[in-house]
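Enquirer: Attaching a predicted model along with its sequence, questions to come.
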Amino acid sequence: MTKVGGQKDHPVPRAIFPNKVLPYLLLAPQLAITAIFFYWPASQALYQSMLREDPFGLSTQFVGLANFRHVLADPNYLHSFQVTIIFAVATAVFAMVPALYLAVMADKVVRGRGIYRTLLIWPYAVAPAIAGMLWLFLFNPSIGTIAVMLRSLGISWDPLLNGPQAMILVVAAAAWKQISYNFLFFVAGLQAIPKSLVEAASIDGAGETKRFWTIIFPLLAPTSFFLLVINTVYAFFDTFGIIHAVTGGGPGKATETLVYKVYNDGFVNLILGESAAQSVILMVIVIALTAVQFRYVERRVHYG
Amino acid sequence: MKSRGISTGLAAAVTLLMSSTSSFAVTEISWWHAMTGANNEVVETLSKEFNESQSDYKVVPVFKGTYPETLNAGIAAFRAKQAPDIIQVFDVGTGVMMAAEGAVKPVAEVLSEGGATFDKSQYLPGIVAYYSKPDGTMLSFPYNSSSPILYYNKDIFQKAGLDVDNPPKTWPEVWEAAKKIKTSGAAPCGYTSTWLTWIHLENFAAWNNLPYGTNENGLAGLDVNLEINAPLYVKHFQEIADLAKEGVFRYGGRTSEAKQIFLAGECGILTESSGGLGDIVKSGMNYGIGQLPYEPEAEGAPQNTIPGGASLWVFGGKSDEKYKGIAAFFNFLSSPEIQARLHQVSGYLPVTLKAYEETKASGFYEKNPGRETPITQMMGKAPTENSRGVRLVNLPQVRDIENEEFEKMLAGQQTAQQALDSAVSRGNAAIKQAIGQ
C-alpha cells in the first residue's frame, strides 16, 4: 500500500493480475446478472414488440413494426408523452431547487451537522409506494389533514377529479422523495469547492448572495448536470409506485406517464405486443439520456 | 435450550419429509386466489376442512395479490407452463378466460368426469348463466358472487327528516333524498357510489332492461357495439353530473373507495356491492339496506341485477387424478352447509338454491333484514337478453375508458352526452382491436 502511493520518483504502477483466469471469474457474477436481468428481458421485449398475441399466448402472429406504428399514431400515447414531460420537468425542478437550498443551509451549520444531514437523507429510504400512500393520506379529500386545511382556506381540493391538482400531488410526492438524494450530492459538491475561493471573494467584499451566484453555483454545475439527468431518469422510470398508489393514472388520463401506460396496457388491458413496443421506445429514450450524460456531462464539465 | 429446540425442529422436519414421501398418494391441488382479510380466513378454513374430510387430495391455497394481479400471475404461469390447478378470477376477467379456449377446462366437464353428479338446476340461475357459455355449459365455479345494493345511514336519514324505514326505491327518489340530506345539513354530501361502471352501467342496464351492447351484451358473440349512450343512460349520468356540481353527489374513485366516504359519515347514501357489508357491519354504523334503485321511465324495471365477485377456473392439461380432486373439492364447496355459512358470514350470495332455502328456513333473514335483498334482486325475474350479464374480451380496458370519461364529466369538462358518446366510440375501437379486427 505505502509502497504504491507513497513514492514520489516513480509513477504509480498499474495493478497487474498474475492470474489470467481470476479477473474473468471475478467479473462473471456481475456479467451473469447483467445478461440475465438486463439483456435477456430487453431482447424478449424487442421480440414481443413485433408480435401480436392473445394474453395466454395461444395464438401468436408476427406483425413486424405494426405495434410501433399503432402506438405512435395513438393520440393517447402522445398525450401520455406530454404528461411525462410535464411531470419530469416539474419533478426535477422541485426535487433539485429545495435540495440545493437545504444543502447550502446545512453546509453553514456548525453544530449538529450530522444530525441535520441524517434527517434530511431519511426520506430516501422510504419505498415509493409508501411515500405515495403518505401523501395520499395527507391529501385525501375526505380524511386528509392537509386537505382539510386547504378546504378551510377556500381552495376546492379534489385531486380525484381535478387533473392539475392530481398532477401537483404526484409531483410533490415524487419530488419529496428525491430531495434527499439530491441533497446528498449537493452537500458533497459543496465540500469539494475550495474554501480559499469563497474566502477570497468575501475579502474582496462579495456578499453572501453574490458569492453563491458567482462562485458556488457555477462550481456546482457538474453536480447539477449530473443530478438533472438522474432526476429526469427517475421521473421517467422510477415513479411508477407513487403514481400507482396516489392516482392510478387518473383522473381521466391526467397523470398517466409513459411507464404507467406500459403497465396499464400490458397488465390491465392485456395488450402485450403494444405494451412491449412502448417499453422498447422507453428503452431508446434511456439510451439517449445516458448518451447525453456521457457526452456532455461527463466530458465537458470539469470537476473540482 | 436453544440446541435442543433446533434438534427437535430438525427431527420434526425429518419426520415431515418422511411422511410426505411415504404418503405420495395424496394429490396436491393448488388454488390461487385474491382474498384478503376475513375472506382470506374463509379460504384457509375451507381448504383445511376439505383436507381433513378426506385423505386423497390436499388443496393448497396461495394468495396472489389483488384480482388483476392474480389473473396476471395465472396468465404468466400458464405461459411458462406452470399454471396452477384452480385460479380465482374476478367477474370482469370472465371474458378474458372464456376467450382462452384450450387453456381452461370447463367446470361442468371437470365435475361430470370426476364422477360428481352435476345438476345445473341446483344452482342459482342468474349466477350460473353468467359463468356459462352461450350453449349453457358452465365454465367456471361461482365461488363468491355479489350484487350491488343500497346502503343508507339511518342517523343521517333521521336528522334530515327522511323516512328511516323506507329507503328510496328509484333514482329520482335517491336524488330527492340526497338533496334533502345536503340542504338540511344532516351530512356534507347526500349520495356516493363505488364502482360506477359496474353499478351505473352494467347493472343499470340489466336492472332497467336496457341493452349494454349488441350481441346480447357480448354473451352471444365476441363482436360487440356498445349502446351505453342511449337516452336513459345519458339522462341518468347528466343527473349525476348535475348533483356532483352541487356537491350532493361525491365521487370517491374507480373501485370501492367511496365506501370510506360513507363510513366516515360524510354521505348519507351509498350504492355498493353486497360483499362490502362486512366493513359496514364492523364500523358499528346504524345502517339500513335497500334494493338497488331503478329508473322509473325504463320499461319493465326493475328487471334483475347481474352478479359481480369472482369464480374459480380450472386450467387444462392436468392429470385425471387432479381433476377428480378438483371435482371433489367443488362438490364440497357447493354443499348446502358450506354455502349457507359462506353466505351468512361474508355477505356474498349463496350459489345453490338449497343453501338459500336453508338460510331462509333458519330465520336468518328475519333476524338480519335486508340480507336477502341481493338475492331477491337477482332472482326476482327470469333474465332477459339485456340482463344476463356483460361479457367483453377486454372488459377491464373498456371499464377504464368509461371511468376516464366519467371523471372528465364529473370535473365539468364535458356533458353526459359527450362522455358517453366518447366512451362508446373509444370502447368500440378497443373491442375491435382486442378481437383482432
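Expert: Arrived safely.
Enquirer: quick check, residue B:229 in a strand?
Expert: No: when classified by DSSP: H, G, I helix; E, B strand; the rest coil, residue B:229 is found to be coil rather than part of a strand.
Enquirer: what secondary structure does the residue nearest to residue B:347 when sequence neighbours are not counted sit in?
Expert: In space, residue B:347 comes closest to residue B:277 once its chain neighbours are excluded; the distance is 3.4 Å by Cβ to Cβ, 6 or more residues apart in numbering or on different chains. For every residue, glycine as well, the C-beta is placed using N, CA and C. For residue B:277, the assignment made with three-state DSSP gives helix.
Enquirer: I'd assumed residue B:348 was in contact with residue B:277.
Expert: No: the pair residue B:277 and residue B:348 fails to qualify as a contact (Cβ atoms under 8 Å) at a distance of 9.0 Å.
Enquirer: So between these two, which is more surrounded?
Expert: With neighbours defined as other Cβ atoms under 10 Å in any protein chain shown, residue B:277 and residue B:348 compare such that residue B:348 has more, 28 against 22.
Enquirer: show me what contacts that one?
Expert: Applying Cβ atoms under 8 Å, 6 or more residues apart in numbering or on different chains, we find residue B:348 in contact with B:144-146, B:274-275, B:309, B:342.
Enquirer: filter those to the buried ones?
Expert: Among the contacts of residue B:348, the ones that count as buried by 16 or more other Cβ atoms under 10 Å in any protein chain shown are B:144-146, B:274-275, B:309, B:342.
Enquirer: Those residues: which two are farthest apart?
Expert: Across those, the two members that end up farthest from each other (Cβ to Cβ) are B:274 and B:342, 12.7 Å apart.
Enquirer: now for the helix or strand harbouring residue B:377, which elements pack on it?
Expert: When secondary structure is defined using DSSP states H and E, the element that contains residue B:377 is helix B:373-379. Helix B:373-379 sits against helix B:125-130, strand B:148-153, with contacts defined as 3 or more Cβ pairs under 8 Å, 6 or more residues apart in numbering or on different chains; DSSP states H and E.
Enquirer: Which one, of the ones you listed, ends up nearest to chain A?
Expert: Closest approach to chain A among the helices and strands packed on helix B:373-379 (Cβ to the nearest Cβ): strand B:148-153, 14.6 Å.
Enquirer: Following the chain onward from the closest one, which element is next?
Expert: Stepping forward along the backbone from strand B:148-153, the first helix or strand reached (DSSP H and E) is helix B:154-159.
Enquirer: can you tell me if that following helix touches chain A.
Expert: No: if you take Cβ under 8 Å from any Cβ of the partner chain as the test, helix B:154-159 misses chain A, and the best it gets is 15.1 Å.
Enquirer: Give the buried residues for that helix.
Expert: B:154-157.
Enquirer: Now do the helix holding residue B:377: everything it contacts.
Expert: Taking contacts as Cβ under 8 Å, 6+ apart, the residues outside helix B:373-379 that touch it are B:124-127, B:146-147, B:149, B:207, B:274, B:289-292, B:302, B:304-307, B:347, B:349-350, B:356.
Enquirer: Could you export it as PDB, CA atoms only?
Expert: As requested, the backbone C-alpha atoms of helix B:373-379 are provided in PDB (Å, rounded to 0.1, in the frame of the first residue of the first chain):
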ATOM      1  CA  THR B 373     -82.100  -8.200  -0.900                       C
ATOM      2  CA  PRO B 374     -79.200  -9.100  -3.100                       C
ATOM      3  CA  ILE B 375     -80.700 -12.500  -3.800                       C
ATOM      4  CA  THR B 376     -84.200 -11.400  -4.500                       C
ATOM      5  CA  GLN B 377     -82.900  -8.700  -6.700                       C
ATOM      6  CA  MET B 378     -81.000 -11.200  -8.800                       C
ATOM      7  CA  MET B 379     -83.700 -13.900  -8.800                       C
END
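Enquirer: And the next helix or strand past it?
Expert: On the C-terminal side of helix B:373-379, the closest following helix or strand by DSSP H and E is helix B:395-410.
Enquirer: separation between residue B:394 and residue B:253?
Expert: Look at residue B:394 and residue B:253: by Cβ to Cβ, to the nearest Å, they are 21 Å apart.
Enquirer: Settle it for me: which of those two has more neighbours?
Expert: residue B:394 (24 against 21).
Enquirer: And the helix or strand that contains residue B:58, what's buried?
Expert: Per DSSP H and E: residue B:58 is located in strand B:57-63. Of the residues in strand B:57-63, those buried under the neighbour-count criterion (16+ other Cβ under 10 Å) are B:57-59, B:61.
Enquirer: Of the residues you listed, which is the nearest to residue B:161?
Expert: Checking the buried residues of strand B:57-63 against residue B:161 with Cβ to Cβ, the nearest one is residue B:61 at 49.3 Å.
Enquirer: What about residue A:94, how many residues nearby?
Expert: Neighbours of residue A:94 under the rule other Cβ under 10 Å: 19.
Enquirer: which SSE is the closest residue to it other than its chain neighbours in?
Expert: Closest residue in space to residue A:94, ignoring its immediate chain neighbours: residue A:175 at 3.8 Å, by Cβ to Cβ, 6+ apart. Take DSSP H and E as the rule and residue A:175 turns out to sit in helix A:163-192.
Enquirer: Point out the other helices and strands that that helix packs with.
Expert: Contacts of helix A:163-192 with other secondary structure elements, assessed using 3+ Cβ pairs under 8 Å, 6+ apart, are made with helix A:75-108, helix A:113-121, helix A:128-139, helix A:221-237, helix A:240-246.
Enquirer: where in chain A is pLDDT low?
Expert: In the prediction, chain A carries residues with pLDDT under 70 at positions A:1-13, A:17, A:297-304.
Enquirer: tell me which parts of it are close to chain B?
Expert: Proximity of chain A to chain B is confined to A:52, A:54-58, A:142-143, A:160-163, A:248, A:250-253, A:264, A:267-271 under the rule Cβ under 8 Å from any Cβ.
Enquirer: Just the buried residues from the residues you listed, in ChimeraX please.
Expert: Of the residues of chain A next to chain B, the buried ones can be selected in ChimeraX as follows, counting by 16+ other Cβ under 10 Å:
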select /A:52,54,55,56,57,142,160,161,162,163,248,250,251,252,253,264,267,268,269,270,271
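Enquirer: most packed of the helices and strands packed on helix B:373-379?
Expert: For these, average neighbour numbers computed from mean count of other Cβ atoms under 10 Å in any protein chain shown are highest in strand B:148-153, which has a mean of 26.
Enquirer: Need the contact partners of that strand.
Expert: Surrounding strand B:148-153, the residues in contact under the criterion Cβ under 8 Å, 6+ apart are B:167-168, B:174, B:187, B:195, B:198-199, B:203, B:262, B:265, B:267-274, B:280, B:285-293, B:305, B:308, B:370, B:373-374, B:377.
Enquirer: Just the buried residues of these.
Expert: For these, a neighbour count by 16+ other Cβ under 10 Å gives the buried set as B:167-168, B:174, B:187, B:195, B:198-199, B:203, B:262, B:265, B:267-274, B:280, B:285, B:287-293, B:305, B:308, B:370, B:373-374, B:377.
Enquirer: Which residues of chain B lie near chain A?
Expert: Those residues of chain B that sit near chain A, judged by Cβ under 8 Å from any Cβ, are B:68, B:72, B:75, B:78-79, B:96, B:99-103, B:251-254, B:260-261, B:264, B:266, B:394, B:396-397, B:400, B:403-405, B:407-408, B:410-411, B:413, B:430, B:433-434, B:436.
Enquirer: Inside strands: which ones of the contacts of strand B:148-153?
Expert: Among the contacts of strand B:148-153, the members falling in strands (DSSP state E) are B:267-273, B:287-290, B:308.
Enquirer: which of the residues you listed sit farthest apart?
Expert: Across the ones in strands among the contacts of strand B:148-153, the longest distance by Cβ to Cβ is 23.5 Å; it joins B:268 and B:308.
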